[in-house]
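Student: what's the 3D shape of this:
(chains A and B)
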Amino acid sequence: MSRIELPDFGLERGRLVVGGRDITMVLILGIALVALAIAAHPLTNNIFYTENNLTNIMRQWPSYGYGLIALGMFFVILTGGIDLSVGSVLCFSGLLAAGCSLWWGLPVWVCMLVGITSGVIWGMINGFLVSQFDLAPFVVTLATMTTIRGACYVLSPVALTPTDPGFRGVTSKLIGPFPPAFLVLILFLIVATVFFNRTPLGRSTIAIGGNRETVRLAGISVKKGLLTAYMISGLCAGTAGALIASRSGTIQPSAGAAYELDAIAACVIGGASLAGGKGKIRGVIVGMLVLVLMNNILSLRGVESYWQQVFKGLIIIVVILIQSRSRQKD
Amino acid sequence: MSLSMREVRKSYGTAEVLHGVSLEAEPGQVVAIVGANGAGKSTLIKVLSGAHRMDSGEMTLDGQPLNLKNPRDAIERGIRTVYQELSVVPELTVTENLLLGALPKRGGLVSWKQAHEQAAQLLDNAGFTNVDHRTKTGELTVAKQQMVEIAKTLGDNPRILVLDEPSAVLAGSDLDSLFELIRGLKKTGTTVIYISHRLQEVLDIADKIVVMKDGEFIAEMAPDETDEDHIIALMAGRTIEQIYPERRQEFGEETLALHNFTRPGEFEDISLSVRRGEVLSIFGLVGSGRSELVETIFGGRRIGSGDLMIHGLPRRFTHPTQAMRAGLALVTEDRKRTGLILGHTVSENISLATMKGLLLQMKKIRAGVSTMTEDLSIQPHNCAALEAGQLSGGNQQKVVLAKWLLTKPSILLLDEPTRGVDVATRVQIYSMIDQLAREGMSILMVSSDLAEAIGAADRVLVMREGSLVGELEASQTTEDEVLAYSIGTKKCQE
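Tutor: Residues are numbered from 1 along each chain as shown, chains lettered A, B, ... in the order given. Here you go, the predicted model:
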């Protein structure tokens, strides 16, 4: 006897449920995103959907807090941790990349690679401290955030502006309609999706956040999983740093301050739980898009950046309120 | 105070859990409610304590309607409940826990002198004189914490006291003082609703025994009208001979052996051996060191001293990975804390211990998961995408078992394999254990369920305070004998 199993679809205590899963949040965010994307054009005096603006978004997005950094932060949050040092790491990597070009005249790709590598190393240090000594991630990365920021000023107390025109050139030429930075972000997202969904190490990051002891007793190395997550975060922050230095052609030792908050916001809006063990990459992408759209629309309307912060904060509060209600289901 | 429940019904979603139960309890009466897990006992308690609202039915206390909207209502009407899960704050002292929210004050400041006096008085009234009210509660044994909790409820002179499985953690003299207390409460006219798995104590203490099965009361009787086997048969809907499989086995070579295995403070000088095809059980009360023992064998804790031999070779595992490679698997005691990732899917849980290689082979994983869910008949059907936390206790346990069976172990360590599992699932698990042993697996099972430690095994070892104190053939021993060893032979001889 065979029959087709339809997922049950219905309302349960005012929440939309499909196949036993609460999709209210997904639906609300989806609708909000579409509405935002439609309203964007009129809201911005018909500037939003112009080639210039779109190119601009794609050029800037990857190196902001809700760009690559949010993706790295996602893996750390999955494990139940947090990485507050990403803004400082971004700055350090950017300075180092710029310094390599300015001080030693190294080829651009070497500069980029050095910058990115330094990010990975900072991530490794975070991961080592968290996993090896079982320290609280918040405290560890708070300390490294300060340390690395200090190191940035040691590296250069003033802005670094490489003279090699290739340093800017590497990210300013479009490949087809796309800025290279955007393609880097897409590449990272694809690799991250495969890593997260299809590799034992990737799965172990979310499993660790779900129940660390169960994972340990299942013969999986918790230390390795944690180390990996923080290294990914360092890699993403380092790459964003190299990109931002190249995009602007100059980098301040104060760059990237408070970027960690945007990154966390993107993850949380996308449904990742700060307690760990819960989250999807497509959720983070939605979270990134919400912030990108909002930032761009508000900037084009000439809203002051302070007001932008107010809006961002309010959105986060609304989203987590909705999420906590859906978790209270039982 | 007489309590009356009539035709009480309760559903969660579409599933009705209480099918119209009725109960009368007189002042000073001890009513024991027994039933397998999933019979609806917890739901009944939650209705009675105001934690959940009944859908229909009627409850009265002394003829006055009892309309409980929340736990506060119940407490105000004199109904106090001591839950199985402890609700003490471990970081606070016993005094603070006892007087939580009601610390005596003088001039706006807490008067500690008075507080300690009141706390000592509360403990004294309850008869728990061996609990020091100045210690941090988390440093007490689970049994003593439970006593603190009970003493706390007594402070309000409850008219109805509901005890949810107090004996799950109490044993020996602690249990005696609880019984003493209950007898004292009877005299003052307090009604005690006593939920328990342990039938012997129920027969000892209760005035009335109510058997619950599948959300209904199926029998109500006085203790002298019944006995343990009769109650089990009622609870399970089958007799005890049908619960445990017949074990007659030729055993193979020694697969796992311990020599003077020690971890200071947890267990000492443990020597044992398990053979191929054998089911060896270790019986011991909570805190006897048995869970620590199996976890150490599995590499989850560091070995203190002594030797571990696997298939004749000396081994020293420092991480569970190594134990797994050597063919071991460990089904831990507490599936919620160490066995499952509750928020993740059944499929993710089952495949957790077998993820390897560079890329996961999704087809192979799906096939493995579906074979396991079918073989172990994990309910509901097609549950692979459900969150593990949504399954019933018995099915959660099967998910943990499935995870480890997928690793194809040759030595299976089971720590309380049927804790909080309904009888039907228990029977399935026992027959599975039997089947695996017949296929040549060696099984070391830790249990605090007497009947299970004897019924499901070939040989029983008894553990007490970290040491092995007895070794018995399962077919030739009795529950009394095993229990006697576990609590110290001399004390137990009557």
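Student: from now on I want contacts and neighbour counts done on CA atoms only, so please keep to that.
Tutor: Will do.
Student: for chain A, what lies in contact range of chain B?
Tutor: Proximity of chain A to chain B, by CA under 8 Å from any CA of the partner chain, involves residues A:20, A:198-200, A:207, A:210-211, A:213-220, A:277-278.
Student: tell me which stretches of the stretch 151-300 of chain A form helices.
Tutor: Under the criterion DSSP state H, counting those that start in this stretch, helices of the stretch 151-300 of chain A are mapped to A:165-172, A:180-198, A:200-210, A:212-217, A:222-248, A:259-269, A:281-300.
Student: could you dump the fourth one to PDB, C-alpha only?
Tutor: Same thing as helix A:212-217. Extracted C-alpha coordinates of helix A:212-217, given in PDB (Å, rounded to 0.1, in the frame of the first residue of the first chain):
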ATOM      1  CA  ARG A 212      29.600  19.200  23.100                       C
ATOM      2  CA  GLU A 213      29.700  16.200  25.300                       C
ATOM      3  CA  THR A 214      27.700  14.000  23.000                       C
ATOM      4  CA  VAL A 215      30.100  15.000  20.200                       C
ATOM      5  CA  ARG A 216      33.200  14.200  22.200                       C
ATOM      6  CA  LEU A 217      31.800  10.800  23.200                       C
END
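Student: quick one: mean pLDDT over it.
Tutor: The average pLDDT for helix A:212-217 rounds to 92.
Student: ok, now the last one?
Tutor: Averaging pLDDT along helix A:281-300 yields 91.
Student: which residues are in contact with it?
Tutor: A:29, A:33, A:36-37, A:40, A:43-44, A:47-48, A:57, A:61, A:66-67, A:70-71, A:74, A:189, A:192-193, A:265-272, A:305, A:308, A:312 (CA atoms under 8 Å, 6 or more residues apart in numbering or on different chains).
Student: okay, the helices of the stretch 151-300 of chain A in JSON lines with mean neighbour count next?
Tutor: Output for these, formatted as JSON lines (neighbours: other CA atoms under 10 Å in any protein chain shown):
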{"stretch": "helix A:165-172", "mean neighbour count": "18"}
{"stretch": "helix A:180-198", "mean neighbour count": "17"}
{"stretch": "helix A:200-210", "mean neighbour count": "25"}
{"stretch": "helix A:212-217", "mean neighbour count": "23"}
{"stretch": "helix A:222-248", "mean neighbour count": "28"}
{"stretch": "helix A:259-269", "mean neighbour count": "25"}
{"stretch": "helix A:281-300", "mean neighbour count": "20"}
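Student: how many neighbours does A:Asn52 have?
Tutor: Using other CA atoms under 10 Å in any protein chain shown, A:Asn52 is surrounded by 10 other residues.
Student: now swap in the one 4 residues further on and tell me
Tutor: Counted with other CA under 10 Å, the burial measure for A:Asn56 works out to 14 neighbours.
Student: how far away is it from A:Leu300?
Tutor: 12 Å (CA to CA, to the nearest Å).
Student: with A:Ala275 instead?
Tutor: A:Ala275 sits 36 Å away from A:Leu300, going by CA to CA.
Student: hmm, back to that, from the contacts of helix A:281-300, keep the buried residues only.
Tutor: A:29, A:33, A:36-37, A:40, A:44, A:47-48, A:57, A:61, A:66-67, A:70-71, A:74, A:189, A:192-193, A:265-272, A:308, A:312 (16 or more other CA atoms under 10 Å in any protein chain shown).
Student: residues contacting the closest residue to A:Ser248 other than its chain neighbours?
Tutor: Once flanking residues are discounted, A:Ser248 sits nearest to A:Arg168: 7.3 Å by CA to CA, 6 or more residues apart in numbering or on different chains. Contacts for A:Arg168 (CA under 8 Å, 6+ apart) come out as A:Ser246, A:Arg247, A:Ser248, A:Gly249.
Student: secondary structure class for the residue most central in space within chain A?
Tutor: Centroid-nearest residue in chain A: A:Ala70, 0.9 Å away (criterion: CA atoms, centre = their mean). Using DSSP: H, G, I helix; E, B strand; the rest coil, the secondary structure recorded for A:Ala70 is helix.
Student: next to chain A in this structure, residues from the stretch 301-450 of chain B, please.
Tutor: B:319-322, B:324, B:330, B:337-344, B:352-353, B:355-362, B:386.
Student: B:Glu333 reaches B:Leu413, doesn't it?
Tutor: No. Assessed by CA atoms under 8 Å, B:Glu333 is found out of contact with B:Leu413, at 10.4 Å.
Student: these two - which one has more neighbours?
Tutor: Per other CA under 10 Å, whichever of B:Glu333 and B:Leu413 has more neighbours is B:Leu413, with 25 against 20.
Student: same question for the helix or strand harbouring the more buried one, mean pLDDT?
Tutor: Element membership for B:Leu413 (DSSP states H and E) is strand B:411-415. Strand B:411-415 shows a mean pLDDT of 96.
Student: work out the gap between it and the centre of the chain.
Tutor: For strand B:411-415, the separation from the chain centroid amounts to 18 Å (computed by CA atoms, centre = their mean, to the nearest Å).
Student: partners of it in the sheet?
Tutor: Each strand paired with strand B:411-415, and its direction, by DSSP bridges: strand B:328-331 (parallel), strand B:442-447 (parallel).
Student: lowest confidence element among the helices and strands of chain A?
Tutor: Counting by mean pLDDT, DSSP states H and E, chain A has its least confident helix or strand at strand A:9-12, which shows a mean of 58.
Student: same check, this time on chain B
Tutor: Result, chain B / mean pLDDT, DSSP H and E: helix B:489-492, a mean of 42.
Student: picking up where we left off before, now list the buried members of the residues of the stretch 301-450 of chain B next to chain A.
Tutor: Applying 16+ other CA under 10 Å to these flags B:319-322, B:324, B:330, B:338-344, B:352-353, B:355, B:360, B:386 as buried.
Student: need the helices for the stretch 201-350 of chain B, in chain order.
Tutor: With DSSP H, counting those that start in this stretch, the ranges of helices along the stretch 201-350 of chain B come out as B:228-236, B:290-297, B:320-325, B:346-351.
Student: can you list these in JSON lines and add mean pLDDT?
Tutor: Listed next are the helices of the stretch 201-350 of chain B as JSON lines, based on pLDDT from 0 to 100:
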{"stretch": "helix B:228-236", "mean pLDDT": "80"}
{"stretch": "helix B:290-297", "mean pLDDT": "92"}
{"stretch": "helix B:320-325", "mean pLDDT": "94"}
{"stretch": "helix B:346-351", "mean pLDDT": "94"}
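Student: let me know which of these is tucked in deepest.
Tutor: Among these, helix B:346-351 has the highest mean neighbour count (mean count of other CA atoms under 10 Å in any protein chain shown), at a mean of 26.
Student: so what's the gap between that one and the chain middle?
Tutor: Taking mean C-alpha positions (CA atoms, centre = their mean), helix B:346-351 and its chain are 24 Å apart.
Student: just after it, pick out the following helix or strand.
Tutor: helix B:362-375.
Student: return the helix or strand following that next one as PDB; C-alpha atoms alone will do.
Tutor: Next helix or strand after helix B:362-375 toward the C-terminus (DSSP H and E): helix B:393-405. The C-alpha trace of helix B:393-405 is given here as PDB (Å, rounded to 0.1, in the frame of the first residue of the first chain):
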ATOM      1  CA  GLY B 393      12.000   8.800  25.500                       C
ATOM      2  CA  GLY B 394      11.900   5.300  24.300                       C
ATOM      3  CA  ASN B 395      12.500   6.300  20.700                       C
ATOM      4  CA  GLN B 396      15.200   8.800  21.700                       C
ATOM      5  CA  GLN B 397      17.000   5.900  23.300                       C
ATOM      6  CA  LYS B 398      16.700   3.900  20.100                       C
ATOM      7  CA  VAL B 399      18.300   6.700  18.200                       C
ATOM      8  CA  VAL B 400      21.300   6.600  20.500                       C
ATOM      9  CA  LEU B 401      21.500   2.900  20.100                       C
ATOM     10  CA  ALA B 402      21.200   3.200  16.300                       C
ATOM     11  CA  LYS B 403      24.100   5.700  16.300                       C
ATOM     12  CA  TRP B 404      26.400   3.200  18.000                       C
ATOM     13  CA  LEU B 405      25.200   0.100  16.200                       C
END
